[in-house]
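# need a structure here:
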Amino acid sequence: MIDGHGRTHNEIKVSRFDRGDLVRLIQNGSSSPVVPQVEYIARYCETLGAKTVVVEERYVDRHYLDEFAFFYSRNLVAPASFVRRFHVFSGHFGKDDLARRMAELLARRPDSDSPKGNIENTYLGFICVRPLDTVPIGRTVLRRLKNREIWATGPYSVHLGNLLLEVDGLAFQQQDVAVGACATAAAWSALSRVTRHEHMRAPTPAEVSESAARHLLSGGRVVPAGSGLTVQQLCEAVRSCGFAPEFVRASERVEVFATTLHAYLLSGIPVILTLRRLDEGHDEGHAVTAVGFQRGKKPTPLLESSVGLRSAWMSKLYIHDDRIGPYARAFLRPIPATDRWKESLALEIETNQEADPGSSEKWLVVGALTPVYPKIRLSVGSLLRLAEAMADTMDRAVGPKFAPLLGVEFLFRRSGEYVRDLAGNVVNPGRAAQAFTALSLPRWCAITRWFVGETPIAEFVYDTTDVLRESSQAETGLLLCVVCRHPVLDQVLAQIARKFQVLYV
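Numbering: from 1, shown residues only. A predicted model of the protein is given here:
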């Protein structure tokens, strides 16, 4: 809508959700073929239980605006500088209901409590549609499916008029080839999570491309993004955002690779996976963002170690694949050593299951790049070594009957969040409160969590600001405290804490 001064105003439309209608709304009369990402997102919204769509006809999205300034504004025929934003809800309501809710909130005093209404409680997320017919899907954040073990997501606050909406998810967008290729999209998704978690401004895709190529142009110019980014350029993009790039190759020790992937996802940190096409006749690279995982019914022997690694049970990954959509399902498949390559992992990514059930693409997993907080210096491989050194002690602690059921997993948590989440999960709250008032913790701590079957029994909390050295004295020096999670082991774990001269929680 344009006023008498030539200014464009926003217009909000409300309609019932229908999968086909959503596709047509996104197409907005375009004669271009419907891209797979649009079809996927429409199906995903239907699976989420979408009932209502609210469309903002004009929304200024910082991430697209930066792309526009960086590239599209210099086109002979430039597209619009704003996007259309689609909000999806699981509740039924019409335009009159939306107007009533907005008026109700405006009638309240600013300092009065404003409980969420039905509209806010049913919010499923938003989709930004760029004015680019062939690559329309811009910054999109949708809620994860509840029956999937997805960890590396975070809260987003969204304003629709004077409504404050919230959704837990991870940002996704389709690569546009001009400003960014698949690696740019993957790095942007991962960095959007870790920067927001550290209360930093999330980078735009244009900023990711610029920072990646600032000091290294190994494959020619980055814009247009025909050649994509190398691992070295991805590392530079991560470093320029204030994070430390940790790269682990899948073929060196697959159990360490899988444990690292599992640990970072469990910690809420997305992981950029670099891939190579497995099919004969294809020499093609790709990058996706691992968002979460799901456990299988039994461990994969290739991923096991001398201790019972819970990461060996990881069978599915959920990924942001810019060619498909958010939270796409993929399967981890072990590849035994052959004359062609060392033992490694394959990632089998499901494509369009509705049109072609069973269709998938097979990729060799080359490595994993994780943007980590710089003072997390203790690697997951070091945590595995510490767990292996502690295995005999834990075997004796649980006894021969339960020792075969012992399992261990690793994660990193911000110390304040970790202490808060222990509420209701410690055997002796008074002792825990006393211990944590006397304990100095780094901003991030590392946790080695032990299980018997599916029951957590103990946690060993380590200092992340140092590294694991060879001497046993340095190894025990990293341990900050021992946390008891099961009353049966209270006395045994207290003895272990005394042995290492650390606080017992």
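
# cross-check the contact I'm expecting between Ile272 and Leu234.
Yes: using C-beta atoms under 8 Å, Ile272 is in contact with Leu234, at 6.5 Å. C-betas here are computed from N, CA, C, even on glycine.

# what is in contact with the two at once?
Counting by C-beta atoms under 8 Å, 6 or more residues apart in numbering, the shared contacts of Ile272 and Leu234 are Ala183, Ala187, Ala287, Leu369.

# nearest residue to the last one in space, please, no chain neighbours.
Across the structure, with C-beta to C-beta, 6 or more residues apart in numbering as the measure, the residue nearest Leu369 apart from its sequence neighbours is Ile272 (4.3 Å).

# what does stretch 423-431 rub up against?
For stretch 423-431, contacts defined as C-beta under 8 Å, 6+ apart pick out Ala432, Pro456, Val483, Cys484, Arg485, His486, Pro487, Asp490, Tyr504, Val505.

# let's see 7 Å
Ala432, Val483, Cys484, Arg485, Pro487, Asp490, Val505 (C-beta atoms under 7 Å, 6 or more residues apart in numbering).

# list the buried residues in it.
Val426, Val427, Arg431 (16 or more other C-beta atoms under 10 Å).

# of those, which belong to helices?
Arg431 (DSSP state H).

# distance to Leu278 and pLDDT added to the buried residues of stretch 423-431, as JSON lines?
Listed next are the buried residues of stretch 423-431 as JSON lines, based on distance: C-beta to C-beta, whole Å; pLDDT from 0 to 100:
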{"residue": "Val426", "distance to Leu278": "47", "pLDDT": "84"}
{"residue": "Val427", "distance to Leu278": "49", "pLDDT": "86"}
{"residue": "Arg431", "distance to Leu278": "53", "pLDDT": "88"}
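
# between the buried residues of stretch 423-431, which is nearest Leu303?
Looking at the buried residues of stretch 423-431 and their distance to Leu303, the nearest is Val426, at 30.9 Å (C-beta to C-beta).

# how much space separates the closest one from Phe436?
10 Å (C-beta to C-beta, to the nearest Å).

# same check, this time on Arg277
Noted for Arg277: a distance of 50 Å to Phe436, by C-beta to C-beta.

# neighbour count winner among the two?
Neighbour tally, Arg277 and Phe436, criterion other C-beta atoms under 10 Å: the higher count belongs to Phe436, 18 against 15.

# low-confidence ranges in the protein?
For the chain, applying pLDDT under 70 flags the ranges 1-8, 109-114, 178-181, 215-228, 280-283, 340-341, 353, 355-356, 470-476.

# which one's the longest strand in it?
strand 360-372 (DSSP state E).

# just the CA trace of the helix or strand following that one, in CSV.
Downstream of strand 360-372, the next assigned helix or strand under DSSP states H and E is helix 380-398. Provided in CSV are the C-alpha atoms of helix 380-398 (Å, rounded to 0.1, in the frame of the first residue of the first chain):
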residue,chain,number,x,y,z
VAL,A,380,35.7,-33.6,23.6
GLY,A,381,38.6,-36.0,22.8
SER,A,382,40.2,-35.0,26.1
LEU,A,383,36.9,-35.6,27.9
LEU,A,384,36.8,-39.1,26.4
ARG,A,385,40.3,-39.7,27.7
LEU,A,386,39.3,-38.6,31.1
ALA,A,387,36.2,-40.9,31.0
GLU,A,388,38.4,-43.8,30.0
ALA,A,389,40.7,-43.1,32.9
MET,A,390,37.7,-43.0,35.2
ALA,A,391,36.0,-46.2,33.9
ASP,A,392,37.5,-48.6,36.4
THR,A,393,36.6,-46.4,39.3
MET,A,394,33.0,-46.2,38.0
ASP,A,395,32.9,-50.0,37.4
ARG,A,396,33.8,-50.6,41.0
ALA,A,397,31.3,-47.9,42.2
VAL,A,398,28.3,-49.5,40.6
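
# quick check: what element follows helix 380-398 along the chain?
Counting by DSSP H and E, the next helix or strand C-terminal to helix 380-398 is strand 406-414.

# which residues does that following strand contact?
Residues contacting strand 406-414 (C-beta under 7 Å, 6+ apart): 259, 262-263, 266-267, 307-311, 376, 380, 383, 387, 394-395, 398, 443-452, 464.

# before we move on, what about stretch 63-79?
With contacts defined as C-beta under 7 Å, 6+ apart, stretch 63-79 is touched by 81, 83, 128, 130-132, 138-139, 178-179, 204-207, 223.

# how about it, which residues are buried there?
So stretch 63-79, judged by 16+ other C-beta under 10 Å, has buried residues His63, Tyr64, Leu65, Asp66, Glu67, Phe68, Phe70, Phe71, Tyr72.

# stretch 165-177 too?
For stretch 165-177, burial by neighbour count (16+ other C-beta under 10 Å) applies to Leu165, Val167, Gly169, Leu170, Ala171, Phe172, Gln173, Gln174, Gln175, Asp176, Val177.

# for the residue nearest to Met314 when sequence neighbours are not counted, which three-state class applies?
When the adjacent residues along the chain are set aside, Met314 lies closest to Phe293, with 4.9 Å between them (C-beta to C-beta, 6+ apart). Recorded secondary structure, Phe293: strand (DSSP: H, G, I helix; E, B strand; the rest coil).

# roughly how far does Phe293 sit from Arg16?
Distance from Phe293 to Arg16, by C-beta to C-beta: 35 Å.

# and the two? Which one has more around it.
Phe293 (25 against 12).

# related to what we said a few turns ago, give me the subset of the contacts of strand 406-414 lying in strands.
Among the contacts of strand 406-414, the residues falling in strands (DSSP E) are Trp444, Cys445, Ala446, Ile447, Thr448, Arg449, Trp450, Phe451, Val452.
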